[in-house]
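Trainee: fold the following and give me the result.
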Amino acid sequence: SKATVSVLNWRGQGSTGAHRESAAMSGCCSKKQCGGATEKTPLLQDDSPKVTVDVKAGGVMQLKVALQNMCCEMEVELVEQALTDFDGVVSFKVNYLGKYVSVRYDDSVTSPMALVMRLNDYNLGASIKAATQGQTERESLTTWCCGIAGMKLWSIQSVCLIASFWVGRGVLYGIIALGLFDLAYAVWMKFRILGIRGLATMHTLMLSAALGAVALGNLNEATALLLLYSSSRILQETVLAHTRRQVERCAASAAFPNTATLASGESVNLESLKVGDVVVVRAGESIPTDGAVVAGGGHVDEALITGESLPVKKPKGASVLSGSILLDGTLDVKVTTVASESSAGQIQEMVAEAASGKTERDTRVEQFASRYTVAILLGALWYAGTGVVHQDMQAIHSALVLLVLGCPCALIAAGPIVTTCGITSLLSKGVFVKTAAVLDGLRFVTRVGLDKTGTLTQGKFAVDAQWKGDKWRPEYEKMIVALETRSAHPLAAAVVNSHAGCMTTAVNALGTSLDLPTVMKYHSHDGKGVSGTVDGHSCAAGSQPFIASLLPSNAFPASLHEFLASHRQHSLVFGTVDSEVVVCYALFDNVRSNAVEVVTDLKVLGVVPAIISGDRKGAVEAIAATVGIKDYNGQLLPAQKVAQVQAWQTAGERVMMVGDGINDAPALAAADCSVAMGAGGTALASHAASMVCADDNLASLPLAVRFSQRCNTIVTQNLVLALGPKLAVMALTLSGIFQPPLWVAVLADTGCLLAVLLNGTRVLFW
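Mentor: Down below sits the predicted model:
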């Protein structure tokens, strides 16, 4: 079975194709719909459609394989060559920075050992990688040992260089021989595996330059080139290892636990937990892995994982999710899922996959890099040919310099290193970005559409005043409350709360302690209200336009008009019984404490804020005046919100939509970039969004936009760092003003790569 791909564009809309799902961190190779609003699902979902894969009977498993010999972004092609069309592989993604490949495979066709052996056939140094952070120490030890092995060659060469001062220049041949053997072996391995395409690598360029220097009799040049090349490989691996550790620390700070306390009191790393172990969780601690409560009890905050805004009671026998926080009590939890397969582990894995993606700019840079290398090679061949024909040693030397400058690694890594660090850093700040393209696209946003309820406001309505009609009877209130318990709208929750306190209690106690009547023929009118039959009476509850559409004209008495006039800035819920308006609730929702500051920040960033809400115009107008927004619309149905988003797009604006409710999902899907306020939002809104603010903090909006703009600045700096020094050396070489030695070209090439890596990691420290 063949591996498949799913690619998300920056609008968060999926597209499929025959490309390989190996979108490396470096960008070298490019390569669910919500089941219902009430279903609690993780905030971060891989919403991109998948190409259907026909696998044989058996389960599709996932495996991470460490690739110790991956030293360059161009090595990703080796992984593709190894796993493309390999029997049993369903899909795979390569992470260059993490030096691993994540493989989904059919366990009835292949096995982990077969996959490792296949990758080692390509000299990739493959081994099975543990998916948890406890493996970090072992991986660091492996990296250190490999660094020592790499330093052996450099050390021997250095000893030979020192000895040459006493023994003579002949010792330099030892340095050159060792370096040439190392390069020749790498070139041969690439050629054996990839054929002629395997020759277009950094090793080939360096080997050609070193051989040319030897042929010209420039032993000092050849020695300096090989020593600097060996040194640069050690430095590059050191920088990459440091970057990996920083990324791991940053991801680890994203509210996910690293250790667990066993029932015996022993503290252990997550990877050592086995199914059946019992861990103890105390108030204020994060639950380390998915499990079942075997003793104790308490309330758990699952907002970060499911989006559920209310604490969930967890008695004995209840299941719990990793990453959720115990608010009170103590739980003894029996482990049912290993850490790598838990809810928190899946979220971190999705973030890692997002960081392995690439942007449209990365694709263009890759295309340019491939043309750049070909052009440099052709130029070097032309100069070498000219030098041979005319016996011009300077032209031949220029060809060797061009060969050294032809490696595109720094150019290819310029964007992906920033994307990886950026997505990881945002994760630690409670912002889940689903794809690399989304992070890059945020800098283009010119308009942000804000829902009112739960976005600009706290989403916690309270009944401030109540109007009752002349025909009001106490039993009518229970009829309206019974109807509203079926609704998921926050206004309905407020009506229930005014009657019985907590809505959760009301729903759990329906028909018992509250003694509410039974609702028949219930119907929810999208964005308008609800209706049904209660105790044989036709009842409805909802907005003013909805209720007016059900009643004859002039059905509102004068006293109700007076009530409406005095509560223009409130949200209203009308209740009818047998086509008579019997009650009207005036509800008020407080503005978020930082709403004004956030709106001001967005304006400073060049983003125009606007409110598009389904609430009545008077309430929307009051909120807009409070936070300083001039563009606002109220009483909009979901389809009208979509129309407004599309109107902005038609006018040439890039639109960000922010919402948290079911009614916001269509507009979120239509926007160029969409944000769900996760902690208080519904699962449907989180599915539709391309970014989730898990901590429900409105300040995450300007933070994300500013982050995208800064990342763009660093990518631009990286592109200049990747090309600038090389072009300068190239210009000096071709102009004939100054003939730089080969070691200068090596410094320009390796220095560019190191500068790009170090500059890109700055994102982690914002």
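Trainee: so what's residue 346 scoring on pLDDT?
Mentor: Residue 346 carries a pLDDT value of 56.
Trainee: can you check residue 654 too?
Mentor: Reading off the confidence values, residue 654 has pLDDT 93.
Trainee: quick one, phi psi at it?
Mentor: With angles defined as degrees, to the nearest 10, residue 654 sits at phi -100, psi 120.
Trainee: surely it touches residue 445?
Mentor: Yes: using Cβ atoms under 8 Å, residue 654 is in contact with residue 445, at 5.1 Å. The C-beta positions use only the backbone N, C-alpha and C, and glycine is treated the same way.
Trainee: what is in contact with those two at once?
Mentor: Overlap of the contact sets of residue 654 and residue 445 (by Cβ atoms under 8 Å, 6 or more residues apart in numbering) consists of 672-673.
Trainee: could you check which of the two is surrounded by more residues?
Mentor: residue 445 (24 against 20; other Cβ atoms under 10 Å).
Trainee: OK, contacts around the closest residue to the more buried one other than its chain neighbours?
Mentor: Using Cβ to Cβ, 6 or more residues apart in numbering and skipping residues adjacent in sequence, the residue nearest residue 445 is residue 656, 4.6 Å away. Residues counted as contacts of residue 656 (Cβ under 8 Å, 6+ apart) are 442, 445, 447-449, 607, 671-675, 701, 705.
Trainee: and residue 656, which helix or strand is it part of?
Mentor: Secondary-structure assignment from DSSP states H and E places residue 656 in strand 655-659.
Trainee: if we can go back for a sec, for the residue nearest to residue 445, name its beta-bridge partners.
Mentor: On the basis of DSSP bridges, residue 656 is bridged to residue 448, residue 673.
Trainee: rewinding a little: nearest to residue 379, of the contacts of residue 656?
Mentor: Nearest to residue 379, judged by Cβ to Cβ, of the contacts of residue 656 is residue 442 at 39.1 Å.
Trainee: which SS class is the nearest residue to that closest one once chain neighbours are set aside?
Mentor: Distance criterion Cβ to Cβ, 6+ apart; nearest residue to residue 442, sequence neighbours excluded, is residue 708 at 3.5 Å. Three-state call for residue 708 (DSSP: H, G, I helix; E, B strand; the rest coil): helix.
Trainee: for residue 708, give me its contacts.
Mentor: Residue 708 touches 422, 439-443, counting by Cβ under 8 Å, 6+ apart.
Trainee: who wins for neighbours among those residues?
Mentor: Highest neighbour count within the contacts of residue 708, by other Cβ under 10 Å: residue 439, with 29 neighbours.
Trainee: that one and residue 756: what is the separation?
Mentor: Residue 439 is 18 Å from residue 756, where distance means Cβ to Cβ, to the nearest Å.
Trainee: wait, residue 644 touches residue 449, no?
Mentor: Yes: using Cβ under 8 Å, residue 644 is in contact with residue 449, at 7.0 Å.
Trainee: which one of the two has more residues nearby?
Mentor: For residue 644 and residue 449, the more surrounded residue by other Cβ under 10 Å is residue 449, and the numbers stand at 28 against 19.
Trainee: can you give me the helices for the stretch 301-450 of the chain?
Mentor: 303-306, 343-355, 360-390, 393-404, 409-413, 416-428, 436-441 (DSSP state H, counting those that start in this stretch).
Trainee: for residue 220, which of those is the nearest?
Mentor: Closest to residue 220 of those is helix 393-404 (Cβ to Cβ; 12.9 Å).
Trainee: buried set for the closest one?
Mentor: By neighbour count on 16 or more other Cβ atoms under 10 Å, the buried set for helix 393-404 is 395-404.
Trainee: do stretch 588-597 as well
Mentor: Within stretch 588-597, the residues scored as buried using 16+ other Cβ under 10 Å are 588-589, 592, 595.
Trainee: tell me the secondary structure at residue 115.
Mentor: Three-state assignment for residue 115 (three-state DSSP): helix.
Trainee: remind me which residues of the stretch 51-200 of the chain are low pLDDT?
Mentor: For the stretch 51-200 of the chain, applying pLDDT under 70 flags the ranges 51-59, 71-74, 96-98, 129-175, 193-200.
Trainee: as a check, name the ranges of all helices in it.
Mentor: Residue ranges of the helices in the stretch 51-200 of the chain, as given by DSSP H, counting those that start in this stretch, are 76-83, 112-120, 135-167, 172-194.
Trainee: next secondary structure after the last one?
Mentor: When you say that, I think you mean helix 172-194. Later in the chain than helix 172-194, the nearest helix or strand by DSSP H and E is helix 202-215.
Trainee: now do the shared contacts for residue 644 and residue 449.
Mentor: When contacts are counted by Cβ under 8 Å, 6+ apart, residue 644 and residue 449 are jointly contacted by 612, 667.
Trainee: list the buried residues of the helix or strand harbouring residue 641.
Mentor: Assigned by DSSP H and E, residue 641 belongs to helix 638-650. By neighbour count on 16+ other Cβ under 10 Å, the buried set for helix 638-650 is 638, 640-642, 644-645, 648-649.
Trainee: before we move on, what about stretch 424-435?
Mentor: Buried residues in stretch 424-435 (16+ other Cβ under 10 Å): 424-427, 429-435.
Trainee: longest single strand anywhere in the protein?
Mentor: strand 291-301 (DSSP state E).
Trainee: parallel or antiparallel, which strands does that strand pair with?
Mentor: Paired with strand 291-301 in the same sheet, following DSSP bridges, are strand 312-314 (antiparallel), strand 319-320 (antiparallel), strand 325-326 (antiparallel), strand 330-335 (antiparallel).
Trainee: so residue 597 sits right up against residue 699, yeah?
Mentor: Yes: the criterion here is Cβ under 8 Å, and residue 597 meets it with residue 699 at 7.4 Å.
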